[in-house]
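[1] model this:
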Amino acid sequence: MIIASHGRPGAGKSTFTGMLRDELAGRGRPVALVKLGVPLYELQAAVYRAAGMPVPESGRQDGALLNALGEHLRRINPGSLTSRFERTVSDLFRDRPDSVVLCDDMRPADTAALRGLGAVFVRVWAPEGLRLSRKSGRGDLSKGADDHPTEGDIAEYDHQVENTGSLTALRERARGLAAEVLR
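    Predicted coordinates:
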């Protein structure tokens, strides 16, 4: 099973996915977090090295750079990110067919490929003011553009999680989703 979270930057995709990982693991399921954006993070590091700058520590994003890199990778090869994801997931399922793969960095351009893998889509949503506040407080090296094509929302999703700011409520939503997908 693949569960892919999507939503606008700052909605809480990674926070929710971490809680969902804990809930699924607590129910005895092997869980793996697989990020579609791994090639982008590797390229970000290479660009910083080429620029003679320290490589950003893990989790720190240069949003503007990642937007541009993702756009150009997909222009050159629309499957450049999803094909690597697919290989990683295939290897995981070969070794542990009962695994649950979580992805917290899905983008609209990845929808068809992930749907083709049978992914369950979870839209993580937060009120705009809260989302923007979280986004500005993340410590990113630069902010990605909210109107960039990779930052949009997808039209169809299987589950929606409202993240209104309470970690307790968000954990409860993760608990509920874990129970539902494991039925």
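[2] Pull up the gap between Ala112 and Arg87, please.
    17 Å (Cβ to Cβ, to the nearest Å). Where you see a C-beta, it was placed from the backbone N, CA and C, and this is true even at glycine.
[3] so what's the residue lying farthest from the centre of the chain scoring on pLDDT?
    Farthest-out residue of the chain from its mean C-alpha position, per Cα atoms, centre = their mean: Gly52, at 28.8 Å. pLDDT recorded at Gly52 is 96.
[4] Next one: it from Leu36, what distance?
    From Gly52 to Leu36 the distance is 29 Å (Cβ to Cβ).
[5] now swap in Leu117 and tell me
    Leu117 is 11 Å from Leu36, by Cβ to Cβ.
[6] So between these two, which is more surrounded?
    Legend: neighbour count by other Cβ atoms under 10 Å for Leu117 and Leu36, higher for Leu36 (23 against 16).
[7] Need the per-residue pLDDT for the more buried one.
    92.
[8] please begin residue numbering at 187 from this point
    Will do, 187 is the new start, and the previous item becomes Leu222.
[9] check which helix or strand covers it.
    Here Leu222, judged by DSSP states H and E, is contained in no helix and no strand.
[10] burial count for Leu316?
    Neighbour count of Leu316, defined by other Cβ under 10 Å: 15.
[11] To clarify, my last question referred to Gly302.
    Using other Cβ under 10 Å, Gly302 has 10 neighbouring residues.
[12] same thing with Ala305?
    Number of residues near Ala305 (other Cβ under 10 Å) recorded here: 20.
[13] and if you look at the one 3 residues further on?
    Neighbourhood size, Val308 [other Cβ under 10 Å]: 27.
[14] Now do the contacts for it.
    Ile189, Ala190, Ser191, His192, Phe202, Tyr343, Asp344, His345, Gln346, Val347, Leu363 (Cβ atoms under 8 Å, 6 or more residues apart in numbering).
[15] check which helix or strand covers Gly325.
    Counting by DSSP H and E, Gly325 is found in no helix or strand.
[16] Let's see the helix or strand of the chain with the lowest mean pLDDT as CSV, backbone CA atoms only.
    In the chain, no helix or strand scores lower on mean pLDDT, DSSP states H and E than helix 314-322, which sits at a mean of 78. Provided in CSV are the C-alpha atoms of helix 314-322 (Å, rounded to 0.1, in the frame of the first residue of the first chain):
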residue,chain,number,x,y,z
GLU,A,314,-4.5,30.0,4.7
GLY,A,315,-3.3,32.2,7.5
LEU,A,316,-2.0,29.3,9.5
ARG,A,317,-0.4,27.7,6.5
LEU,A,318,1.4,30.8,5.5
SER,A,319,2.6,31.4,9.1
ARG,A,320,4.0,27.8,9.2
LYS,A,321,5.6,28.2,5.8
SER,A,322,7.4,31.5,6.8
